[in-house]
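# Structure here, sequence nowhere to be found:
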């Protein structure tokens, strides 16, 4: 189906040169454009320091690759910084906040999609709108709350605040997905002897797996990458997440530890990048279902 | 096995009054069909029996329990949906066993019941498949099988055959009838198709705009429609309706309009007397018209012009014009006519119906 | 039967989400509005004083604020437009399956899936390399040229804009692709019979049908634009201070300890967001409004 849709939607028709001009060339521009910074990071991460800080037009200069790849930066990262701890912290925080958000999103999404109750429309809209409240608006008061609850500098300060921007999207996506599931399935289950809650758990949730997966991936990525809350709420090095740790521990004043920075950037993002790449098609399908409904 | 009683049943949505004062007594083992055009309240009524819609006012009794406040799972009913509503993530076996598992039946009992139902419906080979691997007809059978394994007090069917193609629909119709004869479970069946209603129902309930129009056995609805709507809804092609005036001439009652003048049959003349020189609606079914022969009385025949000829093989449908009035007649396949031919039609005097123009009730 | 029960269940199911959102959103926003009317600061002695609209008045009188506000709005508008255009192009390119599409998907999605704080370093490294590196002279000249043509800080602004576009387009693209997949193919086929010109078909069929998705994409583009303000601070490493509302508030609150003015400053974003929201909601019927 996607294929047929594409044949009409895309503007790729006609002769061979036409195809090159309107399809292959722009696509390559896109791919090169998106990937070049990553390539640059990769090269930097494996370039020995000696080569890294070498003046322009030096002898045997190879600006776009390196002839002596080295692991010194990666080793520095694990030996001299708490990179492994940061990885573990990030994983822990991202997983827990994703689970909390999925749990809340599933229940709320179901209620909004299936139950008729006063204020349903208003509540649905306001949950959605909260997604658009930028963190730049929120981090000041949140920092205060976190301090009042004595959660500062603990993973819980993030585990409890990340869901605020994850729940709206999860709820909205899952609500849309639930709406695509025929009502009769659930009604039949209820006649068959299940309570509403049981029908929801045994019939609706399993069918909604693609949607749940999409929402989960989305939530996991956002929490893995979050920066500003982590920067404000965490202070001691052993509590930091990868995005904050790499930046704050490897930039000291004016000195940038470029090699380890790049190595940290690459290594710290491998989990998310991998998950994403595997599930992209899935993710698009989940989104399609959600918005269609 | 149980009877179902609906007393002064009403359903109001925010702006729509979907079901109005429905009173219906469905006897034990009876197969009752609710039929009517879309939006007539038949599905809503069924869903109230199932417990899927809240009852605005009135009372529903299943067996001897008032079920108004019982959740669907405690009503001991089973329902077959138009889109089958098979659980896509379960095999056919698990689909059929789901209700029994919910009710904590022991495993061997579940296996036996599912096996029995599968045998009755001829779906033993499909038990390990997932719903998406089945054809429409097979899905329909599984949906029915899922309903019968539970041995419920009442079966509810919500347009179960509407998604099937015409041929399969006829076949499944027969199977459903056979199944009901065998299981003898009370059944309520909703459809918009009057042929399904007539062939399946022990009794048929015709609904329109939330009201029950008439309840009766199929032939009773056909022969003695209570009002103009039922008369037009039951039977295919529909009954012809002509607006006529009642007149008194040479000691007998006649009804007349431009291009048509027939005598009122003696059996009805008493009741039509009250409508002297008023307008009423004359109703005559296409199958109660025939080509007039010399022996037909001039009192019950009239002249027409053929407009359209539709030969169906076993019969011919003629669209005719009597003056400005369009009339459909069903005639023998041997009749040879073409567009523009003049033709004299005779009607069955005892099959003519008259309807009050205001109340639309049969006179 | 259970209408009352349904309502109770609905609120029960909504409770976890609502409790979290109210405590972590509604309360802070209320606090922020209140604080913006006071001179709250850990550096102040004695009780916090209510100062009314003083903080706002001081902002309005401050030319630096107006510069920051203009920059913020221009930044949001420019990045949104470009992200939308690039994203739409990308969605159209990817709409038809071709060999290696999965790989392209992966590549395209990487900038979004990648931690912004980390990739921003990569960009910083690329655009403002430290002095003795390979092409630092070249980049230094670029920066000089841009800054002298457009005024100081233009190069930094350009870098942030580029970064946000680079990071956001792919997500908008994938989102719109989901939209294209949701349009029944028959419509495109019918349109192909109606008009020979792909360009006309695009404007007459694809764009109108994508409208709800486009509106939503603008939403998402806007939020990432504002979220990336944090990255301005990052990308400029707090050294090339180019004030945008978010970064300014961060400095005031966290480093300056002036919560009152900082709150007032962040709240000045609200009118822009509310206007954008309102306009977009008129274009895009929120899913909640469908009859259940």
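Structure's in. What do you need? Predicted model, so just to flag it, every value in this text is computed and none were measured. Residues are numbered from 1 along each chain as shown, chains lettered A, B, ... in the order given.
# so what's residue B:160 closest to, chain neighbours aside?
Beyond its immediate neighbours in the sequence, the residue positioned closest to residue B:160 (C-beta to C-beta, 6 or more residues apart in numbering or on different chains) is residue B:80, lying 4.5 Å away. Placement of C-beta: from N, CA and C, glycine included.
# Dig out what that neighbour forms beta bridges with.
residue B:157 (DSSP bridges).
# residues touching it, list them.
Contacts for residue B:80 were tallied using C-beta atoms under 8 Å, 6 or more residues apart in numbering or on different chains; they are B:143, B:144, B:146, B:147, B:155, B:156, B:157, B:158, B:160.
# Please type out the PyMOL selection for whichever of the residues you listed turn out to be buried.
Buried members of the contacts of residue B:80, defined by 16 or more other C-beta atoms under 10 Å in any protein chain shown, are picked up in PyMOL with:
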select buried, chain B and resi 143+144+146+147+155+156+157+158+160
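# which two from the contacts of residue B:80 end up farthest apart in space?
Using C-beta to C-beta, the two most remote members of the contacts of residue B:80 are B:146 and B:158, lying 14.0 Å apart.
# Now the residue of chain B at minimum distance from chain C. Nearest residue, chain neighbours left out?
Distance from chain C to each residue of chain B (C-beta to the nearest C-beta) is smallest for residue B:54, at 4.7 Å. Distance criterion C-beta to C-beta, 6+ apart; nearest residue to residue B:54, sequence neighbours excluded, is residue C:3 at 4.7 Å.
# I'd assumed residue B:52 was in contact with that neighbour.
No: contact between residue C:3 and residue B:52 fails when scored by C-beta atoms under 8 Å: they sit 11.8 Å apart.
# which of the two has more neighbours?
More crowded of residue C:3 and residue B:52, by other C-beta atoms under 10 Å in any protein chain shown: residue B:52, with 23 against 13.
# Look at that one and give its secondary structure.
coil (DSSP: H, G, I helix; E, B strand; the rest coil).
# tell me the domain ranges of chain A?
Chain A breaks down into these domains under automatic domain parsing: A:2-59, A:76-292.
# For residue B:9, which of these is the nearest?
Nearest of those to residue B:9, taken as C-beta to C-beta: domain A:76-292 at 18.9 Å.
# Give me the neighbour count for the closest residue to chain A within chain C.
Here the residue of chain C nearest chain A is residue C:188; by C-beta to the nearest C-beta that distance is 2.4 Å. With neighbours defined by other C-beta under 10 Å, the count for residue C:188 comes to 22.
# Surely it is in contact with residue C:209?
No: at 9.1 Å, residue C:188 does not count as touching residue C:209 under the criterion of C-beta under 8 Å.
# what's the overlap in contacts for these two?
Common contacts of residue C:188 and residue C:209 (C-beta under 8 Å, 6+ apart): none found.
# quick one on the thing from earlier: I'd like the domains of chain A laid out as CSV, including mean neighbour count, distance to residue B:257 and mean pLDDT.
CSV is the format used below for the domains of chain A (neighbours: other C-beta atoms under 10 Å in any protein chain shown; distance: least, C-beta to C-beta, whole Å; pLDDT from 0 to 100):
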stretch, mean neighbour count, distance to residue B:257, mean pLDDT
domain A:2-59, 16, 56, 68
domain A:76-292, 21, 49, 83
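# Next, the nearest residue to residue C:163 once chain neighbours are set aside: secondary structure please.
Leaving aside its sequence neighbours, residue C:163 sits nearest to residue C:123 (C-beta to C-beta, 6+ apart; 5.0 Å). Following three-state DSSP, residue C:123 is assigned to helix.
# Could you report the pLDDT at residue C:123?
Here the pLDDT value assigned to residue C:123 is 71.
# neighbours around the closest residue to chain B within the stretch 51-200 of chain C, how many?
Closest residue of the stretch 51-200 of chain C to chain B, C-beta to the nearest C-beta: residue C:184 (19.1 Å). For residue C:184, the neighbour count with other C-beta under 10 Å is 12.
# Go through the helix or strand hosting residue B:179 and flag the buried ones.
Remark: residue B:179 resides in helix B:166-183, with elements defined by DSSP states H and E. Neighbour-count burial for helix B:166-183, counted by 16+ other C-beta under 10 Å, picks out B:169, B:172, B:173, B:175, B:176, B:179, B:180.
# now the residues you listed as TSV including distance to residue A:278?
Shown next, in TSV, are the buried residues of helix B:166-183 (distance: C-beta to C-beta, whole Å):
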residue	distance to residue A:278
B:169	45
B:172	44
B:173	49
B:175	47
B:176	47
B:179	48
B:180	52
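# Which elements pack onto the least confident helix or strand in chain B by mean pLDDT?
When the helices and strands of chain B are scored by mean pLDDT, DSSP states H and E, helix B:266-272 comes last with a mean of 83. On a contact count with 3 or more C-beta pairs under 8 Å, 6 or more residues apart in numbering or on different chains; DSSP states H and E, helix B:266-272 meets strand B:252-257, strand B:353-356.
# Let me see the mean pLDDT of the first one.
Mean per-residue pLDDT for strand B:252-257: 87.
# partner strands of that strand, parallel or antiparallel?
Sheet partners assigned to strand B:252-257 using DSSP bridges are listed as strand B:240-249 (antiparallel), strand B:260-263 (antiparallel).
# so can I have JSON lines of those showing mean pLDDT and mean neighbour count?
Output for the strands paired with strand B:252-257, formatted as JSON lines (pLDDT from 0 to 100; neighbours: other C-beta atoms under 10 Å in any protein chain shown):
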{"stretch": "strand B:240-249", "mean pLDDT": "89", "mean neighbour count": "17"}
{"stretch": "strand B:260-263", "mean pLDDT": "87", "mean neighbour count": "20"}
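# Which stretch among these approaches residue C:104 most closely?
Ranking those by proximity to residue C:104 (C-beta to C-beta) places strand B:240-249 first, at 66.3 Å.
# Now do the strands in the stretch 251-363 of chain B.
With DSSP state E, counting those that start in this stretch as the criterion, the stretch 251-363 of chain B has strands at B:252-257, B:260-263, B:279-284, B:289-291, B:301-311, B:316-322, B:325-331, B:342-347, B:353-356.
# Could you check how far the longest one is from the centre of its chain?
Think strand B:301-311. 29 Å (C-alpha atoms, centre = their mean, to the nearest Å).
# The third one too?
Centroid separation for strand B:279-284 versus its chain: 23 Å, with C-alpha atoms, centre = their mean.
# Below-threshold pLDDT in the stretch 251-363 of chain B: ranges please.
Applying pLDDT under 70 to the stretch 251-363 of chain B picks out no residues at all.
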